[in-house]
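Undergrad: with the input below, show me the fold.
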Amino acid sequence: MKKIIIFTLLFTFCSSENIETVEDTSVETTIAETIEPDNTSTTTSIEVTQLESFEEALYLVNKDLSSVSYLAPKQFLNSGLDIVEGTTREIIGRFTLTLAECDQADSCLYVKDLQIKADISTLKSNNIIRDQAINNQWLQSTLFPEAIFTIDELVLPNKDFDSKVEDTIVGKLTIREIELDTPFSLSAYLDGDQIFISGITEIDTTWFGFDAPTKFNAWEVLNPIGIKVSIVAEK
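TA: Next up is the predicted model:
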């Protein structure tokens, strides 16, 4: 059942002739199938309500309550698979929302001018040597510290002004100054002046101009890499 809201992150279904488009938008690969959204416990513990309409409400990301993570499958030689996770809370962002009647459904949520930026040079895992190698050798986030997700305009049909949404949306993700249309599978919930958003997607590192980390005869990181977001935005 389509419920409401946003996000990213997260996003628009527009495309550009000069931008490479990700061909597989199913978001149904290994990482995404194994990870539940971060804020499931928050949203499911709150009763879904019907909201009053509102126009052009500005929301800002609260970085102290938000996070962005990568989830990388690491295959060891003659051994099992491990999922390595690195996380940052250095996130800024903003967007405007309108909830109103529309022709497509009982109500619609209109998202405009959404931009989320994460400082990926501050991603931390449980291994400082790994983090330094990612920054300097693989991802080169010391040179390209920003990951950016944008959406110019998006309309999400909503059932009877419902306070929760689960959907897949598409926005423009920029990493290492390469911009691609990228789908996110999202769950979001509006409660008072706060919006709780969680999302998951998968990318191939080669789309953004770098190979997945590897150490000859020891281990290799497998594509695709998961990206997990947990955002709290406040009016």
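
Undergrad: now the residue lying closest to Arg130 once chain neighbours are set aside: phi and psi?
TA: Excluding its sequence neighbours, the residue lying closest to Arg130 (C-beta to C-beta, 6 or more residues apart in numbering) is Val84, at 7.3 Å. Every C-beta, even on glycine, is put in place using the N, C-alpha and C of the backbone. Per-residue torsions, Val84: phi -90, psi 130 (degrees, to the nearest 10).

Undergrad: residue boundaries of the strands in this protein?
TA: Under the criterion DSSP state E, the chain contains strands at 54-61, 67-76, 81-88, 91-100, 107-119, 146-158, 164-175, 178-191, 194-203, 214-215, 219-221, 225-234.

Undergrad: from Cys102, how far out is Asp82?
TA: According to C-beta to C-beta, to the nearest Å, Asp82 and Cys102 sit 46 Å apart.

Undergrad: who's more crowded, these two?
TA: More neighbours surround Cys102 than the other of Asp82 and Cys102, with 15 against 12 (other C-beta atoms under 10 Å).

Undergrad: and the closest residue in space to that one that isn't next to it in sequence, bridged to which residues?
TA: Among residues not flanking Cys102 along the chain, Cys108 sits closest, at 3.5 Å (C-beta to C-beta, 6+ apart). Beta bridges link Cys108 to Ala100, Pro157, judged by DSSP bridges.

Undergrad: any regions of the protein where pLDDT drops low?
TA: The chain contains residues with pLDDT under 70 at 1-46.

Undergrad: how about Ile231, nearest residue that isn't a chain neighbour?
TA: Nearest to Ile231 is Ile197, by C-beta to C-beta, 6+ apart, at 4.2 Å.

Undergrad: you'd agree that neighbour is up against Ala233?
TA: Yes: using C-beta atoms under 8 Å, Ile197 makes contact with Ala233 at a distance of 7.0 Å.
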